[in-house]
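>>> just coords:
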């Protein structure tokens, strides 16, 4: 994610507002993505217990849930901006990872009317932002199950005292749903933590005349009775916070590149200009990054530009990043496009296992901006490093990006010192080894999750050098490290 910068020639600046800070399947016709338990009677001797109400993240203990692994979501929602009413049916295809008497899903602000598990009615209860589902029979570890949840209400954003607001935002024209580190649970029931990635089929029904943009490959649209249903499919595994929907009036640009659909949307509240020209550069930027990081990891390209004043950032929503109009007020800006597209490799395809390692996303994406600027003739990566090394405030050096703490999760240290860590690695191991490291990281961890320890281990393996001292100083130290030198 990127916050709107005060100056396009300087690094990231924090968003000065009470809002967010810097914050970077099978279809129904195809049947379940995992084998359902088919109502098989559980073995009486098994010890069925409630699933955990959190994924175990030390920064956000209540985010996500335990006891199961989701393979696929089918999300079907209808939204009427005139009444701000949403209704939906979400199908969750998952497998139990322990013997479950009940399990949790994250769902905020919407009322559930019915739940079934493997076609049988299930008991449900809602406790704050948690939906607790108790199937008619226990779910046996290793077996698949299919849960269907019906729900409705007026969706609302989630407010985090430290990080601001994320999730569903009602707008003058429609709605926007996105945010980091959580947002999905404001419009569908979900295991809302990046450690449980899944594929998605999405159907969004809105009044005729409005567009509903979401992730992945467009599946067409159909209209009936004054409503239009827009279909989207993200078949590559996706972290829940990377899901998005934007409902409103947009200038649409469609096409194809390397056999993949290109689908972009710019709000009609903006005059045609810098935003359109910048988003039109998406595939050109992606092609350059592909030469550096390896094959583009998803089945579609695109971008969405919105102008709601509450969205003062850009977010790397999978295959179709969302950008605040503020990034383009001073003219064409492909730097932010490079940042969000780099996340498609680092943050999306290779996703976090835990939120404390957010520098892996933001440091590599910020460094991609430096590489893109160098490729475009706007200064070298070394110059970008040198300027920051000399000019960073003390707060950046006292905040270790490898363990920033929740208040500093999207701080300049995570972004800019994170990028400086990447450059220090490059200097230490040399260009041939460095570019092998980033390509190998993207290839070996594709569609998965990863940690800092795994990145360090891979960098040492590929480079053949011992790098603990370098990473300890740049990621975990509280003083400015010495300038990097080749090892």
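That came through fine. What you see is a predicted model; the values in this text were computed from it and never measured.
>>> drop to CA atoms for contacts and neighbour counts, all remaining ones
Will do.
>>> Help me confirm that residue 318 comes into contact with residue 350.
No: contact between residue 318 and residue 350 fails when scored by CA atoms under 8 Å: they sit 11.6 Å apart.
>>> the more surrounded of the two?
Of the pair residue 318 and residue 350, residue 318 is the one with more neighbours under other CA atoms under 10 Å, namely 33 against 27.
>>> What is the three-state secondary structure of the more buried one?
coil (DSSP: H, G, I helix; E, B strand; the rest coil).
>>> so how far is the first residue of stretch 444-464 from its last?
17 Å (CA to CA, to the nearest Å).
>>> For residue 153, which residues are in contact?
For residue 153, the contact set (CA atoms under 8 Å, 6 or more residues apart in numbering) comprises 85-87, 109-111.
>>> pLDDT below threshold where in the protein?
For the chain, the stretches flagged by pLDDT under 70 are 4-44, 161-163.
>>> quick one: buried residues of the host helix or strand of residue 374?
Taking DSSP states H and E as the criterion, residue 374 maps to helix 359-375. Judged by neighbour count (16 or more other CA atoms under 10 Å), helix 359-375 contains these buried residues: 359-374.
>>> after it, next one along is what?
Following the chain from helix 359-375 toward its C-terminal end, the next helix or strand by DSSP H and E is helix 381-391.
>>> that older thread, among the contacts of residue 153, who's most crowded?
residue 110 (23 neighbours).
>>> thought residue 340 was touching residue 366?
No: if you go by CA under 8 Å, residue 340 and residue 366 don't touch, sitting 9.1 Å apart.
>>> rewinding a little: which strands and helices sit next to the helix holding residue 374?
helix 282-293, helix 335-345, strand 350-352, helix 381-391, helix 418-429 (3 or more CA pairs under 8 Å, 6 or more residues apart in numbering; DSSP states H and E).
>>> at 10 Å what do you get?
In this structure, helix 359-375 packs against strand 2-3, helix 282-293, helix 335-345, strand 350-352, helix 381-391, helix 418-429, helix 452-463, with contacts taken as 3 or more CA pairs under 10 Å, 6 or more residues apart in numbering; DSSP states H and E.
>>> by how many degrees do that helix and helix 418-429 diverge?
70 degrees (axes from the mean of the first three to the mean of the last three CA atoms, to 10 degrees).
>>> Pull up the distance across stretch 73-88, start to finish.
Across its full length, stretch 73-88 reaches 13 Å end to end, with CA to CA as the criterion.
>>> In helices, which of the contacts of residue 153 appear?
Cross-referencing these with the helices (criterion: DSSP state H) gives no overlap at all.
>>> per the record, what domains does this protein have?
Split into domains by automatic domain parsing, the chain comes to 25-162+183-217+225-241, 249-345, 350-476.
>>> Is it possible to get JSON lines of those domains that adds distance to residue 487?
Listed next are those as JSON lines, based on distance: least, CA to CA, whole Å:
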{"stretch": "domain 25-162+183-217+225-241", "distance to residue 487": "34"}
{"stretch": "domain 249-345", "distance to residue 487": "23"}
{"stretch": "domain 350-476", "distance to residue 487": "5"}
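>>> which stretch among the ones you listed comes nearest residue 485?
Evaluated with CA to CA, the domains of the chain place domain 350-476 nearest to residue 485, the distance being 5.4 Å.
>>> just how off-centre is the closest one within its chain?
Relative to its chain's centre, domain 350-476 lies at 19 Å (CA atoms, centre = their mean, to the nearest Å).
>>> First-to-last residue distance for that domain?
Domain 350-476 has its terminal residues 22 Å apart, counting by CA to CA.
>>> repeat for stretch 262-279
11 Å.
>>> Could you list the buried residues of that stretch?
For stretch 262-279, the buried set under the neighbour-count rule, 16+ other CA under 10 Å, comprises 262-267, 270, 274-276, 278-279.
>>> now do stretch 113-127
For stretch 113-127, a neighbour-count test (16+ other CA under 10 Å) marks 115-118, 122, 124, 126 as buried.
>>> cool, and stretch 58-67?
Residues of stretch 58-67 classed as buried under the neighbour-count rule (16+ other CA under 10 Å) are 60, 62-67.
>>> Just the closest of those to residue 417, please.
So of the buried residues of stretch 58-67, ranked by how close each gets to residue 417 (CA to CA), first place is residue 60, at 23.1 Å.
>>> ok, what's across the strand from the closest residue in space to residue 173 that isn't next to it in sequence?
Using CA to CA, 6 or more residues apart in numbering and skipping the chain neighbours, the partner closest in space to residue 173 is residue 248 (5.1 Å). The residues paired with residue 248 through beta bridges, assigned by DSSP bridges, are residue 211.
>>> Assess the claim that residue 248 and residue 177 are in contact.
No: applying CA atoms under 10 Å, one finds residue 248 not in contact with residue 177, separated by 11.9 Å.
>>> what sits in contact with each of these two?
Shared between the contact lists of residue 248 and residue 177 (criterion: CA atoms under 10 Å, 6 or more residues apart in numbering) there are no residues.
>>> coming back round to it: could you export the buried residues of stretch 58-67 to CSV, including columns for secondary structure and distance to residue 398?
Conversion of the buried residues of stretch 58-67 to CSV gives the following (DSSP: H, G, I helix; E, B strand; the rest coil; distance: CA to CA, whole Å):
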residue, secondary structure, distance to residue 398
60, coil, 23
62, coil, 28
63, coil, 28
64, coil, 30
65, coil, 33
66, coil, 34
67, coil, 38
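>>> if we can go back for a sec, name the residues contacting each of residue 318 and residue 350.
The overlap between the contact sets of residue 318 and residue 350 (CA under 10 Å, 6+ apart) consists of 237-239, 343-344.
>>> Compute the first-to-last residue distance for stretch 125-138.
First residue to last in stretch 125-138 (CA to CA) measures 17 Å.
>>> check contacts around residue 444.
Contact partners of residue 444, counting by CA under 10 Å, 6+ apart, are 350, 458.
>>> List the beta-bridge partners for residue 322.
Going by DSSP bridges, residue 322 is paired in beta bridges with residue 304, residue 315.
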